[in-house]
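In: got a predicted structure here, sequence first:
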Amino acid sequence: MTKSEGPTSRVLLAAITCSYLHNTSGFSFTGVSRTSSLHKSSAVPTFYPTLRPPSQLSMQPNELDLKATELFHRADVDGSGHLSLSELEDLLLSLDLRATREEVRALFRALDADGDGEVTSEEFLNWYRSSFEGVVDEVGIVRDVILHRRSVSEFDRHNEVDDVYLRRAVEAGTAAPCRNMREPWRFVSLGYESVEKVGRLMNDEKTSTMFETGPPNWCVVTSLVSPNDPAKEEEDYAATCFALQNFILSMWADGIGTRWRTDDIFHTKEFGDICGVDLETQRVVGVVWYGFAKGGLEDKEQKPERRKGVDEVLTFVP
């Protein structure tokens, strides 16, 4: 971070990179709406670019410099070789990024590394290189979590998971896409007393062993039921599955292991009564066991390879 760069300027720096690449290289991004003001942001959002084609992620330095130079000249309307405050503001508008004058000034100070009141092409280029590297790093982080996540069988029952991680996971879950913003998902955290009742309900030898070495935490994930509209219910179920995946990935990113279960007993009235779930209005999508993995996530065996490769499940139709 430069001497004057704060959260607002970092938001705009990342937004310019992602917005420009979105318009010129097939990038898309999430984190801050490109049509809403950024001045209310209190934290730095994370942008996850999606590339078409993926080769853009490994651009050569000369290609990257060409793109940065192109953007700089696009902003340098008077051809002075420097960017003024108004030119920077016009650049933001051209990229559909709305910002207050205070935000633009903060960004200008962040780019003006030597503090001479002008943003040179060299200062702009240095920033652009570092910002692009940050974008690539974010892509790697997200893919790493998705590709390396695996289910955990043994949990450390002596190491409690703070509820802050549960809340973070639920927040990630609620960011899932859903039709018409119906948000059909519900998350029910079971306390020790409820888990004991479920244990008695699942009374068998395998379950008893599981309760000795198994998960210290349970979260029941449900989706709304629409008896008179099967299509709507199916859409909501799919959306809740997205939410559940987000929940699990968030836990993994925070170093917490999970295991998703769909036992038949989870769909019974007895289970619903224990969890406070009305099965007339909700359906149980699954139960997530979560906790710190015994020995840590790093010590777990490598995730087994999928039986089917990309070419076996991907079809192109003209």
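Out: Nice, I can see it. Numbers count the residues shown, from 1 in each chain.
In: point out where the protein drops to low pLDDT.
Out: Across the chain, residues meeting the criterion (pLDDT under 70) sit at 1-61, 95-98, 131-140, 204-215, 298-306.
In: can you map out the strands along it?
Out: Per DSSP state E, the chain has strands spanning 82-83, 119-120, 185-190, 217-224, 257-261, 282-291. These are given in chain order.
In: helices along this structure, start to end?
Out: For the chain, the helices defined by DSSP state H occupy 7-25, 61-75, 85-94, 101-111, 121-148, 163-173, 192-201, 205-213, 230-253, 269-275, 310-313.
In: turn those helices into CSV, columns for distance to Gln282.
Out: (C-beta placed from N, C-alpha, C; glycine too.) Converted to CSV, the helices of the chain look like this (distance: least, Cβ to Cβ, whole Å):
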stretch, distance to Gln282
helix 7-25, 38
helix 61-75, 49
helix 85-94, 45
helix 101-111, 43
helix 121-148, 28
helix 163-173, 15
helix 192-201, 16
helix 205-213, 24
helix 230-253, 10
helix 269-275, 8
helix 310-313, 31
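In: sorry, back to before: quick one, which of the strands of the chain is nearest to Arg307?
Out: strand 257-261 (18.9 Å; Cβ to Cβ).
In: got the CA coordinates for that closest one in CSV?
Out: Listed in CSV are the C-alpha atoms of strand 257-261, where the atom choice follows Å, rounded to 0.1, in the frame of the first residue of the first chain:
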residue,chain,number,x,y,z
GLY,A,257,-13.6,-29.3,7.9
THR,A,258,-17.1,-30.4,6.9
ARG,A,259,-19.1,-33.4,5.8
TRP,A,260,-22.5,-33.3,4.1
ARG,A,261,-25.0,-36.0,5.0
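In: quick one: buried residues of that strand?
Out: Across strand 257-261, burial judged by 16 or more other Cβ atoms under 10 Å covers Gly257, Thr258, Arg259, Trp260.
In: go on, stretch 260-277?
Out: Within stretch 260-277, the residues scored as buried using 16+ other Cβ under 10 Å are Trp260, Phe266, Phe271, Gly272, Ile274, Cys275, Val277.
In: do the same with stretch 144-152
Out: For stretch 144-152, burial by neighbour count (16+ other Cβ under 10 Å) applies to Arg149, Arg150, Val152.
In: what is the end-to-end distance of it?
Out: By Cα to Cα, to the nearest Å, the extent of stretch 144-152 from end to end equals 17 Å.
In: contacts for that stretch?
Out: Applying Cβ atoms under 8 Å, 6 or more residues apart in numbering, the external contacts of stretch 144-152 come out as 248-249, 252-253, 257-260, 291, 293, 297, 300, 303.
In: how about a cut-off of 7 Å?
Out: By Cβ atoms under 7 Å, 6 or more residues apart in numbering, the surrounding residues in contact with stretch 144-152 are Ile248, Leu249, Trp252, Ala253, Gly257, Thr258, Arg259, Ala293, Lys300, Lys303.
In: so who does the fourth one touch?
Out: Under the criterion of Cβ under 7 Å, 6+ apart, the contact list for Ala253 reads Val145.
In: quick check: it vs Ala169, distance?
Out: Distance, Ala253 to Ala169, using Cβ to Cβ, to the nearest Å: 9 Å.
In: swap in the fifth one?
Out: Counting by Cβ to Cβ, the gap between Gly257 and Ala169 amounts to 12 Å.
In: could you export stretch 272-286 as PDB, CA atoms only?
Out: Extracted in PDB, the C-alpha atoms of stretch 272-286 (Å, rounded to 0.1, in the frame of the first residue of the first chain):
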ATOM      1  CA  GLY A 272     -37.900 -32.100  11.900                       C
ATOM      2  CA  ASP A 273     -39.500 -31.800  15.400                       C
ATOM      3  CA  ILE A 274     -36.100 -31.900  17.100                       C
ATOM      4  CA  CYS A 275     -34.700 -29.200  14.800                       C
ATOM      5  CA  GLY A 276     -37.800 -27.000  14.800                       C
ATOM      6  CA  VAL A 277     -38.300 -27.600  11.000                       C
ATOM      7  CA  ASP A 278     -41.800 -27.800   9.700                       C
ATOM      8  CA  LEU A 279     -41.600 -30.300   6.900                       C
ATOM      9  CA  GLU A 280     -44.900 -29.100   5.500                       C
ATOM     10  CA  THR A 281     -43.200 -25.800   4.500                       C
ATOM     11  CA  GLN A 282     -39.500 -26.800   4.300                       C
ATOM     12  CA  ARG A 283     -37.500 -29.700   3.000                       C
ATOM     13  CA  VAL A 284     -34.100 -30.800   4.400                       C
ATOM     14  CA  VAL A 285     -31.500 -30.500   1.800                       C
ATOM     15  CA  GLY A 286     -28.800 -31.900   4.100                       C
END
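In: right, I'll leave it there.
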